[in-house]
Every structure is written in structure tokens, then in C-alpha cells.
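**Student:** Kindly generate the corresponding structure for this input.
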Amino acid sequence: MSGRNFSFLSYGMGVLFLLSAMTEVQALPKCLHVMSYHQGYEWNDGIEAGVENVLRGKCQLRKVYMDSKRNTSPKFIKKMALRAKLVIEDYKPDIVIVSDDNASRYLVQAFYKNSEIPFVFNGVNWTAEVYGYPYKNVTGMVEVAPVMTMLEIARRNVGNVQDVAFLSADVLTEHKDYKYYERIYGHMGIKVHPLFVKNMQQWKEGFIKAQESDFIILGNNAGVNDWDNSKALTWVNNLGKQLTLTTYQWMMPFTMLGVSKVAAEQGEWAAEVALEVLAGTNIADIPITINRRWLFYQNKLLLLKSGIQIDNATRQKAISNKWTYGQN
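**Tutor:** Model (predicted):
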């Protein structure tokens, strides 16, 4: 075979391979992931990674970030929801995954209730009923916190609990969390005091106020837009005397004990359900569920500085790390 013919044959095979690869990509179903928050926010990144790991090579995946943790005004969030709606109309996805409350509230509930497009939600705090779920085209995973586990830990380590402080950013999901702590603990005669803050100074003042309670739940710092890791770390090291607990892993540099939700669990579950629906399962036949995985942490340095001696069972079960600064 002449060199010219061989080159032509090689070129032709290359074109066929490229066309075959393009056809394979085009044959993959279209998936869209709409996230309530921004890239770089640790919770959002964990869910996103879970979705990507499951869908890689099985779906054409596009993403939309609503950025509603840093921008909390309803006007902004509605604008971002309309932008996501335009992406849906242009991209025409076979299925949409929506993460956290604002995507469900401002996008799915507003525009796609009982539509022909299937949606899988995750990260909706405590209950899906507030958005009218389930719809015929929607299923998902509700995010719950280990409320009773935290109370059991506190009781073992501080004794009688009558008064709890809840210190967190002044954002929608944290208000929902507070309502459930208030309701569940309230049935047991325990008062929960909310301390919602918008800036670092308010957070520092709230932390001092919280020391009057039997124990403190440290909620999310995302939404405190001028959050300063160094200032927070200095503050809790010097002034933290009461037991602090959190459900957010990135809050552990500032918290003594943590029972952390696993963001990746929610993304992986949503992506697996998406593949199941794309394979032919009726989404209405897949029941709404809740998260089930937890990680248990202790911050030995803060415990040592506070003088709090935790019980053996708590100490032996908890993971100990040399905590670095949390993420904004």
C-alpha cells in the first residue's frame, strides 16, 4: 500500500472514530443540575461532586448556580430562578436535579409543578410538604439533622438541659432548622433561643450571649458575608466556655463536637435516582426519602481550652482532627 493511500485510510478512520464518539455523546441523555448556592461553598461542592461521580460518562451534564447563599434577597433569587428556567427551555434536559431549598421553592414549585419534565430534589431541609411535594414529576431526599443525637450528647456531658442557644446566619435554611429544633426540644420542655446574624460583629456578640445557655448549636456561617475565619477562631478559643455542637463539618474549627451530615450522600442518591428514571422507572413510583449517613467529630483543642470533660463513649466514637480554618 502506498504511503498516500495509507495516510488517506488513516485519515478516514480518524474521521469515523470522531463521528462515532460524537454520536455516542449525542446519544447520552441530557441532565441538568440546578444548585441553590455557589461553587466553592463546601456543602454545595459536596453535593455537586456526588452528582458528578455517579453521572460521569452516563449523561450530558450541565449546571446552573443560583448563588442564593451569598445573595439572599427574594428579588435576586427569583431572577436566578428565571435564568435557570431559560436554561431548561433552551437545553431541554431529560431530567433535572435541584439542590437545596431555594431551587425547589423558586424554580420547581413556581414553574414545574406536575410538568412533563422529571425533577429530583435534594437538600430540602426537614420537610418537602412546604413546597407541595410530592408532585407527579418529582421525588427527592429530605435533609434532616440528628436533633435527638445532639441532645443525648449534650445531656451526657453537661447534665440537665433546659436552655439551648441556636447561633447561625440569617438565611432561609437556618430558620427552617431552628423551627424544628424549637418544636422537637419544646415538646421536652427545653427552650431554644434563636440568634440569627448577618455580619461578623453580630456573630461575635451572639456567641457571647449564647454562653448563658446550657449548650450551643452553631449553625451555618455561610450567609455571614464578612465572615472572618481568624477572628472567629480567636473568639471561640478565648471565650468559649459552654459546649458547642454543629451539623456542619466546615464549622468544626469553631465547634467542640459535630454530628455532620454528608453532602455527597445527597448528590449520589439524586444522581442514582435520575439514572433509574432515565432507564424507564416512573418517578412517581420512587418515594421521597431522608438522609441516613453521619460523621461524628470532636475538636480536642477547643474542649481542652473550655475545660469540658466529655464522656468516654463520646470521646471514643468521635473522629479527631487538627482542624484548620473553615471555608467561607
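**Student:** Helices of the stretch 101-250 of the chain, residue ranges please.
**Tutor:** Shown for the stretch 101-250 of the chain, the helices assigned by DSSP state H, counting those that start in this stretch span residues 101-103, 109-111, 147-158, 172-186, 200-210, 229-239.
**Student:** What lies in contact with the third one?
**Tutor:** Yep, that's helix 147-158 we're talking about. The set of residues external to helix 147-158 that reach it, using CB atoms under 8 Å, 6 or more residues apart in numbering, is 161, 164, 180-181, 184-185, 188, 190, 214-215, 217, 242-243, 245, 247, 257, 259, 294, 308-311, 313-314. Any C-beta I mention is one placed from the backbone N, CA and C, and that applies to glycine too.
**Student:** hmm, back to that, which one of the helices of the stretch 101-250 of the chain is the most hemmed in?
**Tutor:** Ranked by mean neighbour count, those are led by helix 101-103 with a mean of 27 (mean count of other CB atoms under 10 Å).
**Student:** name the helices or strands packed onto it?
**Tutor:** Helix 101-103 sits against helix 74-91, strand 119-125, helix 172-186, with contacts defined as 3 or more CB pairs under 8 Å, 6 or more residues apart in numbering; DSSP states H and E.
**Student:** Output these as JSON lines; include the columns distance to Leu107 and mean pLDDT.
**Tutor:** Shown next, in JSON lines, are those (distance: least, CB to CB, whole Å; pLDDT from 0 to 100):
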{"stretch": "helix 74-91", "distance to Leu107": "4", "mean pLDDT": "97"}
{"stretch": "strand 119-125", "distance to Leu107": "9", "mean pLDDT": "95"}
{"stretch": "helix 172-186", "distance to Leu107": "14", "mean pLDDT": "93"}
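**Student:** now these as JSON lines including distance to Asn157?
**Tutor:** Shown next, in JSON lines, are these (distance: least, CB to CB, whole Å):
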{"stretch": "helix 74-91", "distance to Asn157": "39"}
{"stretch": "strand 119-125", "distance to Asn157": "26"}
{"stretch": "helix 172-186", "distance to Asn157": "16"}
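**Student:** Nearest to Glu52, out of those?
**Tutor:** Among the helices and strands packed on helix 101-103, strand 119-125 comes nearest to Glu52, with 13.7 Å by CB to CB.
**Student:** partners of the closest one, with directions?
**Tutor:** Here strand 119-125 has these sheet partners by DSSP bridges: strand 95-99 (parallel), strand 138-143 (parallel).
**Student:** quick one, which of these is nearest to Asp45?
**Tutor:** Of all these, it is strand 95-99 that lies closest to Asp45, at 10.8 Å by CB to CB.
**Student:** quick one: average pLDDT of the closest one?
**Tutor:** Averaging pLDDT along strand 95-99 gives 98.
**Student:** can you give me the strands for this structure?
**Tutor:** 30-35, 60-65, 95-99, 119-125, 138-143, 163-169, 191-197, 215-218, 243-246, 257-261, 289-290, 294-298, 319-320 (DSSP state E).
**Student:** Show residues contacting the fifth one.
**Tutor:** Think strand 138-143. 98, 104, 108, 112, 118-128, 133, 261, 266, 269-270, 273, 283-284, 286-291.
**Student:** go on, the third one?
**Tutor:** When contacts are defined by CB under 8 Å, 6+ apart, strand 95-99 is touched by residues 29, 31-37, 44, 47-48, 51, 88, 104, 107-108, 112, 117-123, 140, 266-267, 270-271, 274, 277-278.
**Student:** I'd like to know which of these are buried.
**Tutor:** The neighbour count (16 or more other CB atoms under 10 Å) marks 29, 31-37, 44, 47-48, 51, 88, 104, 107-108, 112, 117-123, 140, 266-267, 270-271, 274, 277-278 as buried among the contacts of strand 95-99.
**Student:** okay, and for the stretch 101-250 of the chain, where does confidence drop off?
**Tutor:** By pLDDT under 70, the stretch 101-250 of the chain has no low-scoring segment.
**Student:** still on that earlier bit, deepest-packed of the strands paired with strand 119-125, please.
**Tutor:** strand 95-99 (a mean of 29).
**Student:** Convert the C-alpha atoms of that one to CSV, please.
**Tutor:** As requested, the backbone C-alpha atoms of strand 95-99 are provided in CSV (Å, rounded to 0.1, in the frame of the first residue of the first chain):
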residue,chain,number,x,y,z
ILE,A,95,-34.2,15.1,33.8
VAL,A,96,-33.3,17.9,36.3
ILE,A,97,-31.7,17.6,39.7
VAL,A,98,-32.3,20.5,42.1
SER,A,99,-30.2,21.0,45.2
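**Student:** Nearest to the spatial middle of the protein, which residue is it?
**Tutor:** Centroid-nearest residue in the chain, with CA atoms, centre = their mean: Trp43, separated by 4.3 Å.
**Student:** so how many other residues sit close to the residue nearest to it when sequence neighbours are not counted?
**Tutor:** Spatially, and ignoring its direct neighbours in sequence, Trp43 is nearest to Ala263 (5.1 Å; CB to CB, 6 or more residues apart in numbering). Residues within reach of Ala263, counting by other CB atoms under 10 Å, total 26.
**Student:** Confirm for me that Ala263 is in contact with Val51.
**Tutor:** No - contact criterion CB atoms under 8 Å: Ala263 and Val51 do not qualify, at 10.4 Å.
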